[in-house]
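>>> Kindly generate the corresponding structure for this input.
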Amino acid sequence: MAQGLTGPSPKIPAGFPVGFYGDTTDPTTFYQVAVQADGSTTVAAFTCPEGTVFDARLGTPNYRDEADTSYLGNPADTTTPIPPATL
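Numbers count the residues shown, from 1 in each chain. Here you go, the predicted model:
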C-alpha cells in the first residue's frame, strides 16, 4: 500500500469530512483525514509506491493506466471524500 507518511498537509483545509483525498496537482500524493480518540481531526499525506497513482474509485494507489484520476486539475473534487474500500 502507500508508503512514506509525509506529515500534516496544508492542502486540505480544516473541517473536511473523514476520508481519502487525491492531490489535485500530484497524482502520486493523497491525504487521509481522520478523527482521533480525543475528537481532534488530523490530516496525513501519503506518497504512492513507485509506478502507481492515487485511484479515486478505489481510494488507494493503483497502476496509472487503471486508475481513476478524474480529481486531477479539479479542486472542487477535493470536497468529496473517497469512501473506504469494501472487500
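>>> ranges for the helices of this protein?
With DSSP state H, there are no helices along the chain.
>>> just the strands in it please.
3-7, 19-22, 29-35, 41-47, 52-55, 60-63 (DSSP state E).
>>> Quick one, which of those gets closest to residue 73.
strand 19-22 (10.9 Å; C-beta to C-beta). Quick note: C-beta positions are derived from backbone N, CA and C, even for glycine.
>>> Now tabulate the strands of the chain in CSV and tack on mean neighbour count.
As requested, the strands of the chain are exported to CSV (neighbours: other C-beta atoms under 10 Å):
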stretch, mean neighbour count
strand 3-7, 10
strand 19-22, 23
strand 29-35, 19
strand 41-47, 17
strand 52-55, 24
strand 60-63, 18
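>>> export those to a markdown table and tack on mean pLDDT and distance to residue 72?
Formatted as a markdown table, the strands of the chain follow (pLDDT from 0 to 100; distance: least, C-beta to C-beta, whole Å):
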| stretch | mean pLDDT | distance to residue 72 |
| --- | --- | --- |
| strand 3-7 | 45 | 19 |
| strand 19-22 | 89 | 7 |
| strand 29-35 | 89 | 11 |
| strand 41-47 | 88 | 16 |
| strand 52-55 | 96 | 9 |
| strand 60-63 | 96 | 14 |
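>>> Any chance of TSV for the ones you listed, columns distance to residue 69?
Output for these, formatted as TSV (distance: least, C-beta to C-beta, whole Å):
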stretch	distance to residue 69
strand 3-7	19
strand 19-22	7
strand 29-35	11
strand 41-47	15
strand 52-55	6
strand 60-63	9
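>>> Which one of the ones you listed lies nearest to residue 71?
Closest among the strands of the chain, using C-beta to C-beta: strand 19-22, at 4.2 Å.
>>> Could you list the alpha-carbon positions for that closest one in PDB?
The C-alpha trace of strand 19-22 is given here as PDB (Å, rounded to 0.1, in the frame of the first residue of the first chain):
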ATOM      1  CA  GLY A  19     -11.900  10.100   4.100                       C
ATOM      2  CA  PHE A  20      -9.200   9.900   1.500                       C
ATOM      3  CA  TYR A  21      -8.500  12.700  -1.000                       C
ATOM      4  CA  GLY A  22      -6.300  12.800  -4.100                       C
END
